[in-house]
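Novice: after the sequence you'll find the predicted model.
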Amino acid sequence: MKKEIVPSLAKPVGELWRNLQTKQEGLFLVASPLSRTPLPIYEWIIQNADSFPNWDNFRFVFMDEQVEEVNGKPQYVPIDNPASLEGFGREHFLHPLSEQVSVPEEQMILKPDLENFAEFDSMLEKHHGLDLLILAIGEEGHYALVMPGTPLETGYHAARISPKVITQHVEKGGPYENSNFGERGMSLGPKQVLSAKNVVVIISGEQKRDLARELLSHDSFNPEFPLSIIYHPEVKDRVEIYMTEDVVK
């Protein structure tokens, strides 16, 4: 496991992404958070997009999204809903990227069918896992919408979101401030972390100091602190952690 303290997440993570995308033959599958933390990385990638090859093969795999029930059936919230994670991702990354690289926005997107998570899991397994998985740390030590206590063998699934996590998303200055962020969501699972070819953990901001300290105090997987999965023996040698200087001051 590699750990680095950096002035900004943008360039080191962006360059790592570019290096992996350059080496990849065939589809390059990336899952990354839709929150404030990775925004500098997305901005750097957009600004330097012409130095990346193979955008035709790039696919953004949605790791989580809000879910609502309509006529007794679950469905994703519309992307124009302020609580939509896909809407956030399109606005801050996929739309400006597609304009920069002249690749259709829709071509870049992979998202599971809510009624067939097993099929999506199987597709990723056939690809031998995500090529790059970027994870940020949340209020309960969670990543994506993987809540405490999620079993290790869980793949893509429907999650019931804890009140603390909802508050974190809609608080003042949060990425979904004042939105109607609901109690249910779609999320990848520990299974996708364990199979990912490259895992990057990004931590930024002084408000994340205690969470970072708790994460680094682990040396094995504890399902009650979901991101501690990075210490699982099946994946820990493929993990890189990048923390900005304000996290460790």
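Specialist: Yep, that arrived.
Novice: would residue 3 count as being in a strand?
Specialist: Yes: the assignment for residue 3 is a strand, going by DSSP: H, G, I helix; E, B strand; the rest coil.
Novice: ok, it to residue 215 distance?
Specialist: Taken as Cβ to Cβ, to the nearest Å, the spacing of residue 3 relative to residue 215 amounts to 11 Å. In this view, the C-beta of every residue, glycine as well, is placed from N, C-alpha and C.
Novice: between those two, which one's more packed in?
Specialist: residue 215 (20 against 11; other Cβ atoms under 10 Å).
Novice: sec struct for that one, please.
Specialist: Per three-state DSSP, the secondary structure class of residue 215 is helix.
Novice: hmm, who's touching stretch 90-101?
Specialist: The contact list for stretch 90-101 (Cβ atoms under 8 Å, 6 or more residues apart in numbering) reads 34, 39, 42, 45-46, 49-50, 52, 55, 60, 79, 103-105, 108-109.
Novice: make that stretch 219-231, sorry
Specialist: Residues outside stretch 219-231 that contact it (Cβ under 8 Å, 6+ apart) are 1, 135, 137, 140-143, 146-152, 190, 193-194, 199, 201, 214-215, 218, 232, 235-236, 239, 241.
Novice: and stretch 17-33, by the same measure?
Specialist: When contacts are defined by Cβ under 8 Å, 6+ apart, stretch 17-33 is touched by residues 38, 41, 45, 48, 51-54, 57-63, 110, 124, 127, 130-136, 143-144, 188, 192, 198, 202.
Novice: following element in sequence after the lowest-mean-pLDDT helix or strand in the chain, please.
Specialist: Least confident element among the helices and strands of the chain, by mean pLDDT, DSSP states H and E: helix 163-170 (a mean of 86). Per DSSP states H and E, the first helix or strand lying C-terminal to helix 163-170 is strand 184-187.
Novice: pull out the buried residues from the longest helix along the chain.
Specialist: Longest helix of the chain, by residue count under DSSP state H: helix 10-23. Buried residues in helix 10-23, counting neighbours by 16 or more other Cβ atoms under 10 Å, are found at 10, 12-14, 16-18, 20-21.
Novice: show me how far it is from its chain's centre.
Specialist: Distance of helix 10-23 from its chain centroid, counting by Cα atoms, centre = their mean, to the nearest Å, is 16 Å.
Novice: C-alpha coordinates for it, CSV please?
Specialist: Taking C-alpha atoms only, helix 10-23 is exported to CSV below (Å, rounded to 0.1, in the frame of the first residue of the first chain):
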residue,chain,number,x,y,z
ALA,A,10,-5.5,17.0,-8.9
LYS,A,11,-2.1,16.5,-10.6
PRO,A,12,-0.9,13.2,-8.9
VAL,A,13,-4.2,11.4,-9.3
GLY,A,14,-4.8,12.9,-12.7
GLU,A,15,-1.4,11.7,-13.9
LEU,A,16,-2.0,8.2,-12.5
TRP,A,17,-5.3,8.0,-14.3
ARG,A,18,-3.6,9.1,-17.5
ASN,A,19,-0.9,6.6,-17.2
LEU,A,20,-3.3,3.8,-16.6
GLN,A,21,-5.6,4.9,-19.5
THR,A,22,-2.5,5.1,-21.8
LYS,A,23,-1.5,1.5,-21.0
